[in-house]
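**Q** quick one, structure for this:
(chains A and B)
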2 protein chains.
Amino acid sequence: MSIARSRSVTISDVAQTAGVSRAAVSKVIRNAYGVSPAMRVRVEAAIAELGYRPSVAARALRGSSYRLALEIPWVGARFMTQIVEGAQLAVDGTPYQLVLAPAEGHAYGTLESMADGMVDGIIAIAPLTDPEWLEAFAARVPVVMIGRHDHPRGYDTVVGDDVGGANAVMDHLLGLGHRRIVHLTEPETVTAPGSGTPHSVRLQVYRDRMATAGLSDLVEVVRRDDSRAGTLAATRELLARDDRPTAIFAGHDDIAMDALAGVAAAGLTGRVAVTGYDDTDLAQHPLIDLTSVDQQGVEMGARAATMLLERLQGRTEPRRHVATATLRVRGSSGRVVS
Amino acid sequence: MSIARSRSVTISDVAQTAGVSRAAVSKVIRNAYGVSPAMRVRVEAAIAELGYRPSVAARALRGSSYRLALEIPWVGARFMTQIVEGAQLAVDGTPYQLVLAPAEGHAYGTLESMADGMVDGIIAIAPLTDPEWLEAFAARVPVVMIGRHDHPRGYDTVVGDDVGGANAVMDHLLGLGHRRIVHLTEPETVTAPGSGTPHSVRLQVYRDRMATAGLSDLVEVVRRDDSRAGTLAATRELLARDDRPTAIFAGHDDIAMDALAGVAAAGLTGRVAVTGYDDTDLAQHPLIDLTSVDQQGVEMGARAATMLLERLQGRTEPRRHVATATLRVRGSSGRVVS
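**A** The predicted structure follows:
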């Protein structure tokens, strides 16, 4: 439907809707100098409203930089290493150079900076970015988003099967007899119900499965404050209680690492089950030996880059790839120790 | 001396030496379109020969992108997380956006791509890049290099005290009574004697200290093949021998992690000492508890970014910062177990 629409919409339609000249629309599309912020907003709103897609030829007018950007929330997150490795593999052998853009806080500024003539296309991990803003943005530059559960019109998505992965974790822990299962996850902003972020989906599955198992009274969600020290302190506090949890379902492996450190500091290694998510290289290390969900991060990165290259070759209809999630059971999660 | 020289050299001198027009020199400096590779090589050779420094004003003609690039050999290397974190801290609050450029193989192509109008300045970790090439490159765009022991004229350097750090490791291991100490390091290319790379310096200190301790016969350098599986296999092979080492001095923490995995796989955890380098977050984790050298990676990244910002404000004389190296002794390295 959006395809049919975009075929019939011309640059003149956009100019008319925005109440500006065709040249002004063209300037916005080409990211030319001399466009006021107010003008850009008006034109982008018209582009989004009409579902206009600048042709590949129009984009080519800008000239090609042969660079692709991968925007990432934090370079220290170990899952990012998988994504970057996969994207690099897909880009190797093409004329494109991959650059990484760490976002400070919200990704808007970073994404704008990348689109400003620096790169030909953008892969982004920006779970909180407004969908409508992204639709307008994707009309200016080819975009592939990683880790969003929405169904966009103007860009592609690569996302893990967070429902399947979180259910596999809960199957495993409940099957081992755990009842006091704590979910240790990211701050509120990244886990807001209905936001469609991977962490909000994992959290919802945790709640649902606890309820189905008749354990609603034992539901406990602990949000870390995004610092290692904070996670460690939260874990130690949990473990100091008389009714301490017997299992910690961590939102991802980096959180699980901090939880394992907290368990070790409390002298409880092997007595509290810990599970992670992402199956990073650390989970596989024999001294860590962390049960985790493999969501094929390398494959996700490679898919995203391949999709972006397809868009650069002219594809405009949106594609969506859901990566399978597989639980890797290791030594960190055993039966309940009384 | 190079400053005095650069003051007297003009764009006309460069044009004359290169045998081209002043306009052609200007084009090369501005990275304008329509410059042939042959022309660029001739002009850059003349620039390097004469020690010419394009003025800040000339660079400003290009227009500012307000982006800084940090070129890194491999994004998965955990030491890089420290460098990136530091650089980001220094850039926060300035109008600049930091982008990361992973290099594929040699860094030349990546550096050229960054300089091609994408960024205003470059921080790079490129131990093998030719110094003369770098001097010419730094005449076109402000450059700060991390992890090089050379003394350049046209760019800044931030480097760790590899002599001090490696000596601290050897003091520690020899002091514990170890004699069969193996040095597990990077491939030959990155450790070639006299190359001035951090790993070549650490290797030389290892050899010197073994010789001074009368242990020349026991010198053993194992080079990993740059893969995790290769390091693991090499470690297991070492440990299967009758005269197996009692200590492994790993070139950096990522290598040490693989060595620890090999020790664990051989059932020898706690019976073979392992030391790393860089004091990454993993070394500090209680389940890893790795003795390592803290060379203040965050501070190194911050210093490099600050130096680059100074260059963008007009400083041209080269600066050099040597980060102190401090051994952090932890549980991974004990006395010889017979």
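**Q** interface residues of the stretch 101-250 of chain A facing chain B?
**A** A:101-102, A:104, A:109-110, A:113-114, A:116, A:118, A:228 (C-beta under 8 Å from any C-beta of the partner chain). Using the backbone N, CA and C atoms, a C-beta is placed for each residue, glycine as well.
**Q** one more time with 7 Å, if that's ok
**A** Along the stretch 101-250 of chain A, the residues adjacent to chain B under the rule C-beta under 7 Å from any C-beta of the partner chain are A:101-102, A:104, A:110, A:113, A:118.
**Q** of the residues you listed, which belong to strands?
**A** Counting by DSSP state E, these place A:101-102 in strands.
**Q** ok, of the residues of the stretch 101-250 of chain A next to chain B, which one's closest to residue B:269?
**A** Nearest to residue B:269 among these: residue A:102, at 35.9 Å, using C-beta to C-beta.
**Q** three-state assignment of the residue nearest to that closest one when sequence neighbours are not counted?
**A** Leaving aside its chain neighbours, residue A:102 sits nearest to residue A:75 (5.2 Å; criterion: C-beta to C-beta, 6 or more residues apart in numbering or on different chains). Per DSSP: H, G, I helix; E, B strand; the rest coil, the local secondary structure of residue A:75 is coil.
**Q** just to revisit the earlier point, turn the residues of the stretch 101-250 of chain A next to chain B into CSV, including distance to residue A:175 and pLDDT.
**A** Formatted as CSV, those follow (distance: C-beta to C-beta, whole Å; pLDDT from 0 to 100):
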residue, distance to residue A:175, pLDDT
A:101, 42, 92
A:102, 39, 89
A:104, 42, 67
A:110, 42, 86
A:113, 48, 82
A:118, 50, 81
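**Q** pull the most distant pair out of the residues of the stretch 101-250 of chain A next to chain B.
**A** A:104 and A:118 (16.5 Å).
**Q** contacts only, for the residue most central in space within chain A.
**A** The residue lying closest to the centre of chain A (C-alpha atoms, centre = their mean) is residue A:147, at 3.0 Å. The contact partners of residue A:147, by C-beta atoms under 7 Å, 6 or more residues apart in numbering or on different chains, come to A:125, A:127, A:159, A:198.
**Q** if we go to 8 Å?
**A** A:125, A:127, A:158-160, A:197-198 (C-beta atoms under 8 Å, 6 or more residues apart in numbering or on different chains).
**Q** ok, residue A:145 next?
**A** A:123-126, A:134, A:152, A:155-158.
**Q** among these, which one has the lowest pLDDT?
**A** For the contacts of residue A:145, the least confident position by pLDDT is residue A:126, scoring 91.
**Q** and the helices in the stretch 51-200 of chain A, which stretches?
**A** For the stretch 51-200 of chain A, helices defined by DSSP state H, counting those that start in this stretch occupy the ranges A:56-61, A:78-91, A:108-115, A:131-138, A:162-175, A:188-191, A:198-212.
**Q** show the pLDDT at the nearest residue to residue A:264 once chain neighbours are set aside.
**A** Sequence neighbours aside, residue B:286 is the residue nearest to residue A:264 in space, at 4.1 Å (criterion: C-beta to C-beta, 6+ apart). Per-residue confidence (pLDDT) for residue B:286: 95.
**Q** and residue A:34, by the same measure?
**A** Looking at residue A:34, its pLDDT stands at 61.
**Q** and if you look at residue A:337?
**A** 84.
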